[in-house]
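Participant: 3D model of this:
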Amino acid sequence: MPFYKTTKVFLLFLMWCTVALSQNYPVKHFTSANELPNNAVRSLFIDSNKVLWIGTENGVVRKENGVLKYFFEEDGLAQNSCWAIAEDKKGNLWFGSYGEGVSIYNGFDFKVISEEDGLIHNEITKLFSYQDKVYVGTSDGVSMIDINTFEVVSMENPPGNTLFRVQNFISYNKEIYVVTYNSGIFRIDWQKAGVALVKVSDHRFIYSVWIDKDSIYSSNKEYFTRHKLVDYLKGKNLSAKKQGASIIWDYVKTKDERIFAGAWGIYDASGGIYELVGGRMVSRASEFNISSREVISLAYDPDFEKLYVATRNEGLYEVALNPPITFHNAGGIKTLGFAGTKNTSAVLRDDAILVKNGKNEQTISLLQLKEWQEDYVQTTSMPLPRHEDHFYELDYSTVAEDIKFYDIKVHQDMFWVNTNIGLFAIQASGELERYLPLHSEEINFTPEGKLIETNPYGGVRVYDNLDAFKYSWFNPESNSTPTMIVNSLQKGQKTYLLSIFSGLYTWKEDRFISYLEKGIWNEKKLKYVAPLGKNLSISNEFGDVFIVNDEAAFKVLKKVPRAEIQGNTISFMENYRGTLIIGTEKGLNLYKDDRFIFVDREQGLGQPLLSAEVRENMLSIGSENGFYELDLDALIEPKLLVDDIELKEVFVNNHKIEWLPVNIEDRIELAHNENTLLLKFSTKAHPFPNKLKYRYRLNKNASWSLASSKPEIFLPSLPSENYNIEVMVSDKSTGLSFTRPLLNMAIFPPFWKTWWFGCLLVIVACTGVFGIYNFRMRQNRKFEVQKRLIQKRLEETKMEALLAQMNPHFIFNAMNSIQYFIMDSDVEKATEFLADFSKLIRLNLDHCTRPKILLIEEIEYLQAYIRVENTRFNNAIQVIFEVDPSIDAYELEIPTMLLQTFVENVFVHAFPQSIKNPILKVSFKLLSEGLLQCKIEDNGVGFSSGAGNRLHESKGVNLVRERVALLGYEVEETLQVTSVKNEGTLVLLKLEV
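Facilitator: Residues are numbered from 1 along each chain as shown. Here you go, the predicted model:
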């Protein structure tokens, strides 16, 4: 083999080793170009709530679950330059500025302590919390601050002209030690006179120290040393071996015992991120992709195994030390596909095929493939396929560098590699088994092992004998012949072929079946197919995925719409223990039982995703610069990462409220105009915060909101109501969700919408209506009174007129009687009659102007009238008056002259000469309290119904009836006249008294 070929193969072998062994860690880089306020990061601290605090030269940053919050001088910070951070046991955060003292943050506001408050110096270099004190190291001395009273105690510096610059604090045997740069190591001594610094070691030029169990690492210029802690604090045996290089400013240790160091040489170009391995400083700049040589602070999160690296010039790096995804870098070479037999695996790259069989590894270069093609063309005795015979055109002049791979498949323990220069069957040893001069973008095999060669436009060939190149050709004009095939799968007794235009085909029992043409399935634009247990998963060109079963009869079991899949373009589908794996331009979707898990760049999976293969529990994904390996068990069965939600801040009408509820039963009560709220909340620390989506609902019966990536809820112009706000957190990294009540809140209605105000309005309205009603009633009553007075006066006037009508009638009858006596020459009787008549006239004149008279007066009047009338009858009529003893005739009043008319009728009509012993009886009886019965009866001739009617309709009776009606009586009930012929007449008159 020529030397250049040998060299190329050797380089390819080295590249394979690099792919197999190298690892790149997922890294996030935060700079002033994106999230940070400044690229100079001076300090890092992870608090008790797993929140990362970042101190920069231009402000402090709080990073919680991917959400960054910034604090500056205008927020209360003493100075934007932050060189040190600590947390006291009460949960307060302490920030040391390099120039303006200490800022203490309680979660709501800041308190500043500086030289004016007794601090020894305003340039803070280190903060250390221990019990009830925070020890403040400065560039020239030490102060101590009580966390309860904030009382400051500053210690006197040792004598000397050099600055007493504090580099660190050490806690050992309940005592605090101060490590300085060039003044030595001191113990803080509690004496009767106060607190003093007692020197215990003269070790100098210390940049940092770090305790690991019973040892201490001490960093000096261009080296570090490791000592026994006890010896170091006593200044003994300090001549330890100098190790490493550069100046280490900070150390951290991981839970798997790895020690990392951040270094910056100051005086030279050394520095960066290192791992201490066996006393050596091993650079991890390449694996971590950290180019800065000025690393001055480190922090480590053991829960998520993340290393935070602060640099003085390039911002902050976040490194996942134990990622679920491992990337193997191939130096810009694309990984196009994977294949594996029982004992052999192959990787298809854009420059070669790598075959591994046990410990034997073989690289098949593009040049080798071209040589195999050329050898076949030169030595074969069979005619080469031609485009004229409906073969897909193959260009035999294609050079090695232009070879294009389509796919790699496994059949009969051999790798079948499909390229633009032909089809290669390669043995597990890497030797060529067979070359076929076929150009096909998609091949597969029948269940019987026959090769299926598809041609986008020229039909399909199924080869019965590859040695003799014998095949059956299926004409593309037939509706059952597959055309434009883009993917295929051999499963069981069927081989499935997917067309981008005409749907699903199968090869079964030596023939092709078109599901579209047979009406079995009308889906046309199909792209990928993968097994899924007994079922199949098939995707279309638009990104939808169908779960189908084609064992007994074809059936679509479920459609997974593209809206539920992250990404629009599917690049591959695989299956692992019933979990469907879908690769898209956005990342990796794992789907099972309606649960989606999503993996992307946040977990360390970068784009593009070119191919995939599942081997045991590992998923390999090809990409542009190498390939990824994923532990599927770790991804599919993760633990619940979100099990709590904490309310952090509440803003009402853009104003932050100071009080937050401790328990969910606690309720925030707001006025009606305090109805625009912003609620900020958080889960506990999460390794992939961008995978969290938040939804909320205002009450149990309300619908959930649309998902949001921000852990906050904005509620504008809420109506007055009681709210029990719930939050649902969906974790796409696990496919799980967590729901928890967040806030119990009541917005009271304005007073004009309260029940009591409504009741008051009703009462006022009712009172108003009742008042108006009463007023109208009073007006009506007053009107009625006036009306009655007027009516009464009218009645009285009419009664007076009636009386005036009655008097002439009576006088006429009396004058007739007088005329009778004169004509009869009875002067004595005429004189007596005139005397009685004159008395009657006087009584009549007296009574006619009065609407009512006493009963005794009515009786006297009737007796006077009867004497006058009886005189005419020669006193032949017997007159009887009866008064009920219970009646007080001198108190009882009755209407004037109601009875006279009926008495008159007796004398006029009742007693003709034929009546012997005429009797007139007038009686008064009290029927009940307030009801008087007046009875007038005679034993006269009476009258028949006809005569009675004439009597009843006499003018006098009609006047009485009209008077009774005017007095308000019911005439028919009040006045009753009954008569029996030849037996007499009875008049009953009932009056209210």
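Participant: which strand residues sit across from the residue nearest the centre of the chain in the sheet?
Facilitator: Central residue of the chain (Cα atoms, centre = their mean): Tyr696, 1.6 Å from the mean position. As for beta bridges, Tyr696 partners with Val727 under DSSP bridges.
Participant: Tell me the confidence at it?
Facilitator: As predicted, Tyr696 sits at a pLDDT of 96.
Participant: Quick check: it touching Asn724?
Facilitator: No: if you go by Cβ atoms under 8 Å, Tyr696 and Asn724 don't touch, sitting 11.1 Å apart. (Each C-beta comes from the backbone N, C-alpha and C, glycine too.)
Participant: The stretch 601-750 of the chain: strands as residue ranges?
Facilitator: In the stretch 601-750 of the chain, the segments counted as strands under DSSP state E, counting those that start in this stretch are 611-615, 618-623, 626-631, 645-652, 655-656, 667-670, 677-683, 692-697, 712-715, 721-731, 736-747.
Participant: Could you dump those strands into JSON lines with distance to Asp109 added?
Facilitator: Below are the strands of the stretch 601-750 of the chain laid out as JSON lines (distance: least, Cβ to Cβ, whole Å):
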{"stretch": "strand 611-615", "distance to Asp109": "53"}
{"stretch": "strand 618-623", "distance to Asp109": "49"}
{"stretch": "strand 626-631", "distance to Asp109": "46"}
{"stretch": "strand 645-652", "distance to Asp109": "13"}
{"stretch": "strand 655-656", "distance to Asp109": "10"}
{"stretch": "strand 667-670", "distance to Asp109": "20"}
{"stretch": "strand 677-683", "distance to Asp109": "16"}
{"stretch": "strand 692-697", "distance to Asp109": "27"}
{"stretch": "strand 712-715", "distance to Asp109": "21"}
{"stretch": "strand 721-731", "distance to Asp109": "26"}
{"stretch": "strand 736-747", "distance to Asp109": "22"}
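Participant: For Val142, find the nearest of those.
Facilitator: When those are compared for distance to Val142 using Cβ to Cβ, the nearest one is strand 645-652, at 34.6 Å.
Participant: Pairing partners for that closest one, with directions?
Facilitator: Its sheet considered, strand 645-652 pairs with strand 655-656 (antiparallel), strand 677-683 (antiparallel) by DSSP bridges.
Participant: How far off centre is that strand?
Facilitator: In this view, strand 645-652 has its centroid 14 Å away from the chain centroid, taken as Cα atoms, centre = their mean, to the nearest Å.
Participant: So that it lines up with my notes, have the first residue be 10 from now on.
Facilitator: Sure thing, new numbering starts at 10, so read that last one as strand 654-661.
Participant: average pLDDT across that strand?
Facilitator: For strand 654-661, the mean per-residue pLDDT is 91.
Participant: same thing with stretch 391-405?
Facilitator: Stretch 391-405 carries an average pLDDT of 90.
Participant: cool, stretch 298-315 as well?
Facilitator: Mean pLDDT, computed over stretch 298-315, is 94.
Participant: Over to it now: how far is its first residue from its last?
Facilitator: 15 Å (Cα to Cα, to the nearest Å).
Participant: buried residues in it?
Facilitator: Neighbour-count burial for stretch 298-315 flags 299, 301-310, 313-315 (criterion: 16 or more other Cβ atoms under 10 Å).
Participant: Between which two of these is the distance greatest?
Facilitator: Taking Cβ to Cβ as the measure, the buried residues of stretch 298-315 span a maximum distance of 26.7 Å, between Arg302 and Phe313.
Participant: any low-confidence regions in the chain?
Facilitator: 10-33, 799-820, 822-823, 826, 830, 834, 953-963 (pLDDT under 70).
Participant: so how far is Tyr114 from the residue nearest to Glu124 when sequence neighbours are not counted?
Facilitator: Using Cβ to Cβ, 6 or more residues apart in numbering and skipping residues adjacent in sequence, the residue nearest Glu124 is Asn131, 5.3 Å away. As defined by Cβ to Cβ, to the nearest Å, Asn131 lies at a distance of 18 Å from Tyr114.
Participant: Tell me where this structure has helices.
Facilitator: Shown for the chain, the helices assigned by DSSP state H span residues 12-30, 238-243, 294-297, 375-388, 641-645, 764-832, 836-856, 864-881, 909-914, 954-961, 964-975, 980-983.
Participant: so which of those gets nearest Lys934?
Facilitator: Of these, nearest to Lys934 by Cβ to Cβ is helix 864-881, at 11.7 Å.
Participant: Taking helix 836-856 as reference, get the angle to the closest one.
Facilitator: 150 degrees (axes from the mean of the first three to the mean of the last three Cα atoms, to 10 degrees).
Participant: how close does Val996 get to Pro904?
Facilitator: 15 Å.
Participant: Quick check on those two: which one has the bigger neighbour count.
Facilitator: Val996 (23 against 20; other Cβ atoms under 10 Å).
Participant: Glu946 is in contact with the more buried one, correct?
Facilitator: Yes: using Cβ under 8 Å, Val996 is in contact with Glu946, at 7.2 Å.
Participant: my read: Tyr505 touches Phe521, true?
Facilitator: No: with contact defined as Cβ under 8 Å, Tyr505 does not reach Phe521; the gap is 10.8 Å.
Participant: Overlap in contacts, the two.
Facilitator: Residues touching both Tyr505 and Phe521 (Cβ atoms under 8 Å, 6 or more residues apart in numbering) are Tyr514, Thr515.
Participant: Those two: which is more packed in?
Facilitator: For Tyr505 and Phe521, the more surrounded residue by other Cβ under 10 Å is Tyr505, and the numbers stand at 23 against 20.
Participant: distance of that one from Asn488?
Facilitator: 18 Å.
Participant: now swap in Lys315 and tell me
Facilitator: From Lys315 to Asn488 the distance is 59 Å (Cβ to Cβ).
Participant: same thing with Glu266?
Facilitator: 68 Å.
Participant: So for these two, which residue has more residues nearby?
Facilitator: The residue with more neighbours, out of Glu266 and Asn488, is Asn488; 12 against 7, by other Cβ under 10 Å.
Participant: Look up how far Lys37 lies from the more buried one.
Facilitator: The gap separating Asn488 from Lys37 is 54 Å, by Cβ to Cβ.
Participant: What of Phe916?
Facilitator: As judged by Cβ to Cβ, Phe916 and Lys37 stand 135 Å apart.
Participant: who has more neighbours, these two?
Facilitator: Neighbour count, other Cβ under 10 Å: between Phe916 and Lys37, Phe916 has more, with 22 against 17.
Participant: these two touch, right, the more buried one and Asn884?
Facilitator: No: between Phe916 and Asn884 there is no contact under Cβ under 8 Å: 11.9 Å.
Participant: tell me, what's touching these two both at once?
Facilitator: Residues touching both Phe916 and Asn884 (Cβ under 8 Å, 6+ apart): none.
Participant: Would you tell me which one of the strands of the stretch 610-759 of the chain is buried the most?
Facilitator: strand 627-632 (a mean of 22; mean count of other Cβ atoms under 10 Å).
Participant: circling back to that earlier point, compare the strands of the stretch 610-759 of the chain and give me the one nearest Gly340.
Facilitator: Closest of these to Gly340 is strand 635-640, at 7.7 Å (criterion: Cβ to Cβ).
Participant: just checking, what packs against that closest one?
Facilitator: If you count contacts as 3 or more Cβ pairs under 8 Å, 6 or more residues apart in numbering; DSSP states H and E, strand 635-640 packs onto strand 334-338, strand 344-349, strand 627-632.
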